[in-house]
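Chemist: Sharing a model that was predicted from the sequence below.
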Amino acid sequence: MRQEALSTPTVRPLHAGDDLHTLTALIHAAYAPHAARGLRFWGTHQSVDDTAKRFASGDGLVAEVDGRAVGTVTLRRPQPDSPVEAYRDPFAWSLGQFAVAPAHKGRGVGRALHAFALRRAASLGARTMLVDTAAPALELIAMYRRWGYEPCGECDWRPLTNYLSVLMRRSLGPRLHDPTTKETP
């Protein structure tokens, strides 16, 4: 059986012409396994308007393979009005709406989005990156640990979700360059 050649993902900022219906469908598909386990991530049910609002809350990033969107994340600056103290830190940025199309999971798309977001945040003065994810999503917590994050607290987004979230933090430092990732301005 012939194995399909894997293209390196290209990461770029969200463009005004990007199709939010397509990106919302990608987000729903990426979060569907969590929904099947009973976890109500916002990404499992958000509307196209919600997707637009979430992108508008930060810098939307899109990963493409062969010109097709296969992943997305929103990079958020410090949030002085957040109910979560860590998100109010003026040097702490965060990631949200992180999604990779199911057919592209395990192919470096998430790592490429993550590396791009870290470099961008660090270049704009961030010292820390934060993420939060469902406490029952042990596979996501393990992935973030592999990427250098450590648990640093909890947050509770209920009733938007149906679980307690683990807040995780990593320091931004000199190991941010990943030469295997292509990016476009």
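Modeler: Alright, I've got the coordinates. Numbering: from 1, shown residues only.
Chemist: how many neighbours does Glu85 have?
Modeler: By other C-beta atoms under 10 Å, 11 other residues sit near Glu85. Glycine gets a C-beta too; all of them are placed from N, C-alpha and C.
Chemist: again, but for His21
Modeler: As a burial measure, His21 scores 10 neighbours (other C-beta under 10 Å).
Chemist: Please enumerate residues in contact with the helix or strand containing it?
Modeler: Assigned by DSSP states H and E, His21 belongs to helix 20-36. Here helix 20-36 makes contact (C-beta atoms under 8 Å, 6 or more residues apart in numbering) with 41, 43-48, 50-52, 55, 62, 69-72, 97, 99-102, 105, 134, 137.
Chemist: And the next helix or strand past that helix?
Modeler: Moving toward the C-terminus from helix 20-36, the next element (DSSP H and E) is helix 48-56.
Chemist: hmm, back to that, report the buried members of the contacts of helix 20-36.
Modeler: Neighbour counting with 16 or more other C-beta atoms under 10 Å marks 41, 43-44, 46, 50-52, 55, 62, 69-72, 97, 99-101, 134, 137 as buried within the contacts of helix 20-36.
Chemist: Can you tell me the closest non-neighbouring residue to Met168?
Modeler: Spatial nearest neighbour of Met168, excluding adjacent residues (C-beta to C-beta, 6 or more residues apart in numbering): Tyr149 at 3.9 Å.
Chemist: Now do the contacts for the one you found.
Modeler: By C-beta under 8 Å, 6+ apart, the residues touching Tyr149 are 129, 131, 168-170.
Chemist: And Ala86, by the same measure?
Modeler: By C-beta under 8 Å, 6+ apart, the contact list for Ala86 reads 92, 130, 152-153, 167, 169.
Chemist: By neighbours, which of those residues wins?
Modeler: Counting neighbours by other C-beta under 10 Å, Leu130 comes out on top of those with 25 neighbours.
Chemist: That one and Met168: what is the separation?
Modeler: The gap separating Leu130 from Met168 is 7 Å, by C-beta to C-beta, to the nearest Å.
Chemist: In terms of secondary structure, what does the helix or strand harbouring Arg120 contact?
Modeler: For Arg120, the host element (DSSP H and E) is helix 109-123. Here helix 109-123 touches strand 10-13, strand 59-65, strand 68-76, strand 92-100, strand 128-134, strand 182-183, going by 3 or more C-beta pairs under 8 Å, 6 or more residues apart in numbering; DSSP states H and E.
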